[in-house]
Every structure is written in structure tokens, then in C-alpha cells.
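**Q** this one's structure only:
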């Protein structure tokens, strides 16, 4: 079986894109014609996928938006749609689950069997007991939360100052030397992103926080790229999903995704010259 | 509106019970007649609730078991059944969600509106950004993960040794002096449970890890009870749910729940004499 990492790397290379397009379907922000339809959540996601697939190395649905609406079937159908129409473009299910033992196995069944995600995000608060059960699922990838993009992330993750939790996570993930284990490292803390890159030279990072959250793409590549200018997938959700909330939302999403892909290319090339 | 804490305290006092009965519906461990039915997950939960409600101060469904089976409607119906048939017995939905901002709001809608849980478990890895959004939902309670019951929990939670993360969480929760904020503290680390009690004298703890995981009830009360012998709800899931996997599972669950309630009463009285 092909591993998640091989598929992701081939997609990044094939599209020359480090862009991950998030899918955060919020009905009240959708175009009126989508809101009025039978299955707004699926229809919105399907059109967002079609509008951005040429530029997206991968997609990242956020499960909370589906769960709040009772739209699990729309999530199943969205992931299936990507797999069928855009094979080779993997889907990371953003769920940040964190539990152990038999419960973790049930979550893994939810994410990898029921929803057929290719990878998932996982919280390390409960330790490796909460990470290892997912590795039993062949061909899947895991993004362990390391340093997140929210303003108050440092409260726990940068504690204590001299040897913070986020480095403990980064060093432990790196020490595993398992390409299935990747990390979430936010764009909004470029200095910490650079520290994580030094701690985990060859690990792939999923980087949220550009776009609506204000992270700068040049800083992301300067601090976060590996020696080859890679090792990063940079996520944008709302800035693409809701580039327009009117009937031109697909064109607006296409433009936003292409522009961000181009910015990521320039940021990579700039970082390669500077580093 | 009556707060979660008032309802929980009245239930603990009214039933003279510190027992929380977990609901971990695993179809392959259910009695054959339940497995053969139309809605095994709901039917199992309904019967488990009926079999143990006399002894349960509260119930705690674990959402992963429902999600893995696509049984969200069974979870809605289970919580509704408790509310309808056993008003005054609150339901804590064990979900350990951990995300921020708009995503946290969507999770809060999932847990508190869609499923109508009275309280939920939450992970602190992302900091207070991942906790505060839930407090906007009136009348609901939150159990923040502090020290969990799994063997490797200390890897992150007891780091660094001299001023560990779990105490940082405990002290911050206690400092809020908000009765809606409670904590999850496992039975399997009684010394740490005692430390958390000293850090958070008046906070209610949800204590997993007795029963199948081997935590001792006497140690839980000696280390974890407040000065009045309370402040604890002790959860058991599998040791009650699967006390028997045969057709006598309801009687077996009733006996297991009553026995554990009695053990908790004795442990409380013993701790009150000793402390």
C-alpha cells in the first residue's frame, strides 16, 4: 500500500504547490443558492474542491463544522468525492482527537474507516498512549499538535520557558523517525516554527494560521522550510472558503487559492536564496 | 436556569452516590439478543441506564463509541432518554475536544445543542482559547483534562518534574473560581490526585480509572476528597457495561453499580475518619 507521505509528496511536487485547502462549511456564510439547496454542506464542499483542486496539494476538512450540523454523511461524501475525482490529492481530517486505548481505537475507526481520511490531526496531551493506536492503520498519516496558531497557545505549549512543552513534543516526534508522524506548527509564531524545524529537520509540518489568522508566508518558509525549501503544507480555510459569500464564490475561491499557491512558491524561492 | 453544578450536587446528595456510570457501547461485547436487534447501540444504552440509574449520580457516554458506528442518533436518543426518564441525573459527554475560536464554537454546538449534553470533557493543550468558548453556553459544565488515568499520561502532564503541566492546569482552573470549570483527574495516580486536591480545594473532579483500569477507591477518597469527603465523581464504564456480556447483563450491571456505589460510600467514610 502506498503511504500517506508518498502520496502527499507526489502531490506537492506534481502541482508544485505547498497549499492545503481547508474545508470549514458554515451554512450562514455560503452563497444564497447553496444555502437554499437540499444538501448545502456537501454541495459547498464539492464546489470548493472543484474550484481549488488544481492548486491544492491536499484538502483539510474540519470535522467540527460537519458535526455541529449533523452532516456526517456530507463529510463521508466529500472525502469520497476527492478520492474519486482527484485521486492523488490526499485528505487530512482535522479532528484533534485525544484519547487512549480502546477509545482511541474507536476514534481511529471513526476517522480512518468511517470517513476514510488519509491522515488526521491528534492532540498529545495524553501522551503516546493517545498517538500510537492510530499507527495500526496502514497507509495513514498523523499530524500531532505541536505549537498551534491561536494567540494563547503558549500558555501550555511554551511552558516552561527554558524547555517548553512544544519542543518536548517536537523532539519526541523527530526521535521516532517515522514518516507517518508529522506535526501541526502554526504560522503565527515564526520563531517557534524555526525552533521546531531545528528540532525536527526532516518532519513534515502542517501550518495553519495564514490568511484569516494573519500569519506571513515569507516568515513561514524562512523559519519553517527544510534545507530543500520543503517539508511544509500551508493551510488556508476561511480566506478561500469565504473569499466571497455571494454567487461568485467559486471564482473567488479559485483566485484566492491560486494567489496563495503563488505566494507560497515565491516564499519558498526567497527562503532558498536567503537560507 | 439551574447550573450543572447544582444539578450534579443535588444528584450526589439525593442518591448518596459518587458514582458516574460510563456508557461505552461496543457492539461485539453486547448480549446476543441486543446485538441481533435493530438499534443495538441505543437499546444497550437505554437498558444500561435503567439498570444503574438508582446508583448513578450521573452518566458519561464516550462519544468515540457512537461515532465509530455512525450512531449519532443513538447518542441523541440516549441523552434524551436520561433527561426524560431520570430528570436530575446529568449527562457528561466525554469528547475531549480541543480546538479554538470558531471551531470551538462548532464543537460546543455539537456537544451542547445537537447532543444536549449537560457537561463535556475538554483538552487544555491549546490553552484557554480552547476552553472559554464553551462557557458561553448557559447552564453547562466543563471538565478540563488535568491528570489522566493512562499509564503514559505523565510524559506530558508530569513535565517538567519540579512544576508539572498538570499542576499548571489545576492551579489555573482553581484560580478562575468558576464552579462550571471542573477537572478530570485519574484514579490510577493517587499521589498526583492529592496534589491536585491541594491545588484546587473546592473544584469537582471527575475520576476515571477505577474498575477495568485498576484504580483503588480508598486511595481516591483519601487523596482526592475535599474536607467534607466530597468533590469527586468516580467513573466506571467497562466494569459495569460488560459485567456480563450474556443475557443477564442488566442484573450484572445493577450489581456492579450498587457494589461500586457502596465501595465509594465506605471509602468516603474511611477518608473522613482518617483525614
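**A** Perfect, I can see it now. From a predicted model like this one, the values you see are computed outputs, not experimental measurements.
**Q** CA only for contacts and neighbour counts going forward, please
**A** Noted.
**Q** who's in contact with whichever residue of the stretch 101-250 of chain A sits closest to chain B?
**A** Proximity of the stretch 101-250 of chain A to chain B (C-alpha to the nearest C-alpha) peaks at residue A:110, 4.2 Å away. Applying C-alpha atoms under 8 Å, 6 or more residues apart in numbering or on different chains, we find residue A:110 in contact with B:64, B:67, B:68, B:69, B:70.
**Q** so which of these wins on neighbours?
**A** Each of the contacts of residue A:110 was scored for neighbours by other C-alpha atoms under 10 Å in any protein chain shown, and residue B:64 scores highest at 26 neighbours.
**Q** tell me how far it lies from residue B:33.
**A** Here the distance between residue B:64 and residue B:33 works out to 23 Å (C-alpha to C-alpha, to the nearest Å).
**Q** repeat that for residue A:5.
**A** 44 Å.
**Q** those two: which has the busier surroundings?
**A** Counted by other C-alpha under 10 Å, residue A:5 and residue B:33 do not tie: residue A:5 has more neighbours, with 20 against 10.
**Q** ignoring the adjacent residues along the chain, who's closest to residue A:72?
**A** Excluding the flanking residues, the one nearest residue A:72 by C-alpha to C-alpha, 6 or more residues apart in numbering or on different chains is residue A:66, at 6.0 Å.
**Q** mind listing the strands for chain A?
**A** A:19-23, A:58-61, A:92-97, A:119-122, A:141-147, A:181-185, A:205-207, A:232-236 (DSSP state E).
**Q** could you dump those strands into JSON lines with mean pLDDT added?
**A** Formatted as JSON lines, these follow (pLDDT from 0 to 100):
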{"stretch": "strand A:19-23", "mean pLDDT": "98"}
{"stretch": "strand A:58-61", "mean pLDDT": "98"}
{"stretch": "strand A:92-97", "mean pLDDT": "98"}
{"stretch": "strand A:119-122", "mean pLDDT": "98"}
{"stretch": "strand A:141-147", "mean pLDDT": "98"}
{"stretch": "strand A:181-185", "mean pLDDT": "98"}
{"stretch": "strand A:205-207", "mean pLDDT": "98"}
{"stretch": "strand A:232-236", "mean pLDDT": "98"}
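**Q** for those, give me CSV that also has distance to residue A:131 and mean neighbour count.
**A** Shown next, in CSV, are those (distance: least, C-alpha to C-alpha, whole Å; neighbours: other C-alpha atoms under 10 Å in any protein chain shown):
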stretch, distance to residue A:131, mean neighbour count
strand A:19-23, 23, 29
strand A:58-61, 19, 25
strand A:92-97, 9, 24
strand A:119-122, 7, 24
strand A:141-147, 8, 25
strand A:181-185, 9, 27
strand A:205-207, 17, 26
strand A:232-236, 21, 26
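**Q** may I see those strands organised as JSON lines, with distance to chain B added?
**A** Converted to JSON lines, the strands of chain A look like this (distance: least, C-alpha to the nearest C-alpha, whole Å):
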{"stretch": "strand A:19-23", "distance to chain B": "12"}
{"stretch": "strand A:58-61", "distance to chain B": "11"}
{"stretch": "strand A:92-97", "distance to chain B": "6"}
{"stretch": "strand A:119-122", "distance to chain B": "10"}
{"stretch": "strand A:141-147", "distance to chain B": "8"}
{"stretch": "strand A:181-185", "distance to chain B": "12"}
{"stretch": "strand A:205-207", "distance to chain B": "15"}
{"stretch": "strand A:232-236", "distance to chain B": "14"}
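**Q** between the ones you listed, which gets nearest to residue B:201?
**A** Comparing the strands of chain A by their distance to residue B:201 (C-alpha to C-alpha), the top pick is strand A:92-97, with 29.6 Å.
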